[in-house]
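Asker: The following comprises the amino acid sequence and a computationally predicted model.
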Number of protein chains: 2
Amino acid sequence: MSDLDSILSVIENPARRQILEALVREPHYPLQLSKELGISQQAVVKHLKVLEENGLVESYTEKSDLKGPQRRKYYPIQTFSVVVDMGPNLFSAELISREQTAEDLVEKEGSQDVSELRDRMKKIEDELDMLNNRREELLAEKEKLLQSARETTSSIPDYMVRKIIHEFILHPDCSMNDIAKMISVRDDIVLDSIREWMSDW
Amino acid sequence: MSDLDSILSVIENPARRQILEALVREPHYPLQLSKELGISQQAVVKHLKVLEENGLVESYTEKSDLKGPQRRKYYPIQTFSVVVDMGPNLFSAELISREQTAEDLVEKEGSQDVSELRDRMKKIEDELDMLNNRREELLAEKEKLLQSARETTSSIPDYMVRKIIHEFILHPDCSMNDIAKMISVRDDIVLDSIREWMSDW
């Protein structure tokens, strides 16, 4: 599995995103991608190399029709989501790797009716939209809460203590030890900060 | 509002992500970020310049304590989410701009109890986790559906027609004209392709 850094560095390039969009439809060879996307074949080959080196695609050789030359075809191999949330009080960038593998998809349903597939897609998209809307509402709530947290910590004179209290509110599932490790501060400093400021309100 | 390209090019850099994480906690000046993140002040200034030029942060001048020098403090100004989904049959990269502005956050609740803020955060995080889990299930369903779509279109000899049918299934809210525009193909070609392959199954 690639890490967040390498995935972001690969997909920040718009041409590489276009290549991935084509490859998830069907495997392509470089000349085909070059024609399809209006990018020089040289550039396509360079982008495919970056994608392959970062573990996002693999390739195989396919003999083209009749006596034509052999072609190297590329296809995507990873399953993940990257979610970046940004706001005045909130920044997180997360890589979520989904479990699904190519094998999960092997049980073939065979050819399906196009309009039926479109109807099923509509239901999935509608629910995804609903989830996204609810997610946005929750992020707005989280922003407000973090704004309150900021106002609450702003009266703390020490920078590090403000940071500790902030992290303590931001990560409700983390113990004091987790937070000490996360921000590389000694356990007892975290403990003292939290004890002092939680009893004082 | 910045676009997806510029946002991805800014946040693909891990140091810039660390800077944003610090700035959402409170405004920082370059020397402070340099100490906090263990990066040279020169590098911090360069990264802040990139963030500012791409519209992710702004700055103001603050007189430091007593006779100290003036300091330029940076704070984040944008509210958005970036969601990238990748799988064997699925690639999408989307910028979602949330409506929330700094003004929304102005109605101050004043100082709050730290443990109460942590409890409220826990509830928000729990629901966000639940939404993420459901989202992953739906993406797994979408993968399977797109796998069926691929098997269905694989018998179509013409590349462009395969692409048209694929897009037609992938975007159930798009009319034929929308799809023609999306993939820069003449309306009548899209219409003919869809008519032919939807009646034939």
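Answerer: Sure thing, it's come through.
Asker: only C-alpha atoms for contact and neighbour calcs from this point on.
Answerer: Will do.
Asker: Would you mind giving the secondary structure of the residue positioned nearest the centre of chain A?
Answerer: The residue lying closest to the centre of chain A (CA atoms, centre = their mean) is A:Val82, at 0.7 Å. Here A:Val82 is recorded as strand under DSSP: H, G, I helix; E, B strand; the rest coil.
Asker: any idea how far it is from B:Leu170?
Answerer: A:Val82 is 20 Å from B:Leu170, where distance means CA to CA, to the nearest Å.
Asker: who's the residue nearest to the centre of chain A bridged to?
Answerer: On the basis of DSSP bridges, A:Val82 is bridged to A:Leu95, B:Val84.
Asker: Below-threshold pLDDT in chain A: ranges please.
Answerer: A:1, A:64-65, A:100-111, A:199-201 (pLDDT under 70).
Asker: please redo it, this time with the cut-off set to 50
Answerer: Applying pLDDT under 50 to chain A flags residues A:200-201.
Asker: And the contacts of the strand or helix carrying A:Asp188?
Answerer: Assigned by DSSP states H and E, A:Asp188 belongs to helix A:187-200. The contact list for helix A:187-200, computed with CA atoms under 8 Å, 6 or more residues apart in numbering or on different chains, reads A:161, A:164-165, A:168, A:176-177, A:179-181, B:113-115.
Asker: and it, C-alpha only, in PDB?
Answerer: Output of helix A:187-200 as PDB, limited to C-alpha atoms (Å, rounded to 0.1, in the frame of the first residue of the first chain):
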ATOM      1  CA  ASP A 187       3.700  12.100  29.800                       C
ATOM      2  CA  ASP A 188       3.800  14.000  33.100                       C
ATOM      3  CA  ILE A 189       3.700  17.400  31.300                       C
ATOM      4  CA  VAL A 190       0.600  16.400  29.400                       C
ATOM      5  CA  LEU A 191      -0.900  15.000  32.600                       C
ATOM      6  CA  ASP A 192      -0.200  18.100  34.600                       C
ATOM      7  CA  SER A 193      -1.500  20.400  31.900                       C
ATOM      8  CA  ILE A 194      -4.800  18.600  31.500                       C
ATOM      9  CA  ARG A 195      -5.300  18.200  35.300                       C
ATOM     10  CA  GLU A 196      -4.600  21.900  35.800                       C
ATOM     11  CA  TRP A 197      -6.900  23.200  33.100                       C
ATOM     12  CA  MET A 198      -9.700  20.700  33.500                       C
ATOM     13  CA  SER A 199     -10.200  21.400  37.200                       C
ATOM     14  CA  ASP A 200      -9.900  25.200  36.800                       C
END
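Asker: got a list of what the residue in chain A sticking out farthest from the centre touches?
Answerer: Relative to the C-alpha centroid of chain A, counting by CA atoms, centre = their mean, A:Lys67 is the outermost residue, at 42.7 Å. Residues in contact with A:Lys67 (CA under 8 Å, 6+ apart): none are found.
Asker: Would you enumerate the residues in contact with the residue nearest to A:Gln70 when sequence neighbours are not counted?
Answerer: In this structure, A:Gln70 finds its nearest non-sequential neighbour in A:Lys63, 4.4 Å apart by CA to CA, 6 or more residues apart in numbering or on different chains. Residues near A:Lys63 by CA under 8 Å, 6+ apart: A:69-71.
Asker: try 10 Å this time
Answerer: A:69-72 (CA atoms under 10 Å, 6 or more residues apart in numbering or on different chains).
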